[in-house]
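Enquirer: coords below, sequence missing:
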């Protein structure tokens, strides 16, 4: 991986070191330059406030899933009546929106005017001598500080007053904010970010391609080859379901110990007792990640405790547990789920699942199953190594972007 110096545009003159420029710290609460707006939510039970609404209404969720610098649209819209019914404020395009609750620190420039809920704060820039893009990049360096400033009994929230204490480094010339220096700094940042982002895009595409390759490998693994005999077998014919031994225990009632406490998505605690001993396939009942190619199962060996959110399956004779595991992470369980808000795979649903099994001499071919599982082990390990390498490169590239911002905005401390 190249170093930061290999990526950044070489420039003898750093724009933040321009002659005649004086750097000052200006608080976001300084009303000479900024105004902080708070948000609100119209009454959700009143259709008039929401039905056929066209006014964009942002939430932390909109900010969280926004991949770019600008936020152009929102999942939900409100009506004029909804806007007038509460204290949310329509702020102009070019303003900055920050999530200040659940979680703190998602930031975006508004690509259009919009209002927002109480989980966000909007920063309106009051002078044309301050560039909104400049403030956006400064605020990216203040996320950890904003998280520290957050407080609250049930969840952390950054208040308007606390946000107002955040100091922004601004270049001044002749006693006024220096717009030209801000523009040059933004150009410097975006030129270098663009170079890094092009590589990031390629790396993320490589991760997608590896995921697609793995799904293709799994799909081919469960297709019979020429002259092979395969049969579809009900899941309940391949495994023994040991759910009756599961025991849920509330977190406050668990006693710490050496045995894994298992739930829908893996080990969630260690306790002083166990419900099962042996080698089992654990399959999410509810609260799991369901869908083709997603994690739905894991293998546990030895002593462990299973709660009521995970099915415990024991392979019957001539059935490979690892073969079942790989089939489980490939298989699409969604047609067998029930429940709109919290999808659940019941035992009734499991009885409808059929598994392709290789047979030999009228019996499940355990050796063929092991061969397939061994092959998938090998491919998975190779793909895992490649993905970890690419993910490390992505992390380094993201850190390079942080280093550029640090170089620009923390230059006085160096």
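Expert: Right, received. Where do you want to start? Every value quoted in this text rests on a predicted model; they were computed, and no experiment measured them.

Enquirer: now do the helices in the chain.
Expert: Counting by DSSP state H, the chain has these helices, from start to end: 4-7, 60-64, 80-85, 132-140, 143-149, 160-164, 179-221, 235-238, 321-330, 347-350, 366-409.

Enquirer: turn those helices into TSV, including mean pLDDT, distance to residue 273 and mean neighbour count.
Expert: In this view, the C-beta of every residue, glycine as well, is placed from N, C-alpha and C. Formatted as TSV, those follow (pLDDT from 0 to 100; distance: least, CB to CB, whole Å; neighbours: other CB atoms under 10 Å):
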stretch	mean pLDDT	distance to residue 273	mean neighbour count
helix 4-7	55	52	12
helix 60-64	95	39	19
helix 80-85	97	53	16
helix 132-140	98	48	20
helix 143-149	95	38	15
helix 160-164	96	46	16
helix 179-221	96	36	15
helix 235-238	94	28	19
helix 321-330	95	24	21
helix 347-350	90	25	14
helix 366-409	96	31	15
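
Enquirer: report the distance from stretch 231-249 to the chain centre.
Expert: Centroid separation between stretch 231-249 and its chain, computed with CA atoms, centre = their mean, to the nearest Å, is 32 Å.

Enquirer: contacting residues around it?
Expert: With contacts defined as CB atoms under 8 Å, 6 or more residues apart in numbering, stretch 231-249 is touched by 261, 271, 275-276, 280-281, 305-316, 319, 324, 347, 350-351, 353-357, 359, 364.

Enquirer: switch the cut-off to 7 Å
Expert: 275-276, 306-308, 311-316, 319, 324, 347, 350-351, 353-357, 359 (CB atoms under 7 Å, 6 or more residues apart in numbering).

Enquirer: do the same with stretch 324-337
Expert: With CB under 7 Å, 6+ apart as the criterion, stretch 324-337 contacts 218-219, 221-222, 238-239, 281, 283, 290-293, 295-297, 299, 315, 343-345, 349, 352-353, 355, 373, 376.

Enquirer: could you flag which of those residues are buried?
Expert: For these, a neighbour count by 16 or more other CB atoms under 10 Å gives the buried set as 218, 221-222, 238-239, 281, 283, 290, 293, 296-297, 315, 343-345, 349, 353, 355, 373, 376.

Enquirer: residue with max distance from the center of the chain?
Expert: residue 361 (48.4 Å; CA atoms, centre = their mean).

Enquirer: spit out the contact partners of the nearest residue to residue 338 once chain neighbours are set aside.
Expert: In space, and not counting its chain neighbours, residue 338 is closest to residue 344: 5.6 Å by CB to CB, 6 or more residues apart in numbering. Neighbouring residues of residue 344 by CB under 7 Å, 6+ apart: 285, 286, 337, 338.

Enquirer: got these as CSV, with neighbour count columns?
Expert: Shown next, in CSV, are the contacts of residue 344 (neighbours: other CB atoms under 10 Å):
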residue, neighbour count
285, 23
286, 18
337, 17
338, 12
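
Enquirer: which of the residues you listed lies closest to residue 64?
Expert: residue 286 (24.6 Å; CB to CB).

Enquirer: surely the closest one meets residue 338?
Expert: No: between residue 286 and residue 338 there is no contact under CB atoms under 7 Å: 9.6 Å.

Enquirer: can you give the domain ranges for the chain?
Expert: 1-20+178-221+366-414, 22-172, 236-349 (automatic domain parsing).

Enquirer: in JSON lines, list those domains along with distance to residue 228.
Expert: Rendered in JSON lines, the data for the domains of the chain read as follows (distance: least, CB to CB, whole Å):
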{"stretch": "domain 1-20+178-221+366-414", "distance to residue 228": "8"}
{"stretch": "domain 22-172", "distance to residue 228": "45"}
{"stretch": "domain 236-349", "distance to residue 228": "14"}
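
Enquirer: so which of these is nearest residue 230?
Expert: domain 1-20+178-221+366-414 (9.2 Å).

Enquirer: and that closest one, how far out from the chain middle?
Expert: For domain 1-20+178-221+366-414, the distance to the chain centre is 16 Å (CA atoms, centre = their mean).

Enquirer: again, but for stretch 75-92
Expert: 28 Å.

Enquirer: who's in contact with it?
Expert: Outside stretch 75-92, the residues that reach it (CB under 7 Å, 6+ apart) are 37, 39-43, 48-50, 52-57, 61-62, 110, 113-117, 122, 124.

Enquirer: could you identify the buried members of those?
Expert: Of the contacts of stretch 75-92, these count as buried by 16+ other CB under 10 Å: 37, 39, 41-42, 49-50, 53, 55-57, 61-62, 110, 114-117, 122, 124.

Enquirer: in strands, which of those residues fall?
Expert: 37, 55, 56, 57, 110, 115, 116, 122, 124 (DSSP state E).

Enquirer: what's the closest of those to residue 394?
Expert: residue 110 (27.6 Å).

Enquirer: right, and that closest one touches residue 98 too?
Expert: No: assessed by CB under 7 Å, residue 110 is found out of contact with residue 98, at 11.3 Å.

Enquirer: for residue 38, give me its contacts.
Expert: Counted by CB under 7 Å, 6+ apart, residue 38 has contacts 118, 121, 160.

Enquirer: let's go with 8 Å and repeat that
Expert: By CB under 8 Å, 6+ apart, the neighbours of residue 38 are 87, 89, 118, 121, 122, 160.

Enquirer: residue 252: which of these is nearest?
Expert: When the contacts of residue 38 are compared against residue 252 (criterion: CB to CB), the nearest one is residue 118, at 30.8 Å.

Enquirer: look at the closest one and report its pLDDT.
Expert: The model reports residue 118 with a pLDDT of 96.

Enquirer: please consider this matter closed, and thank you.
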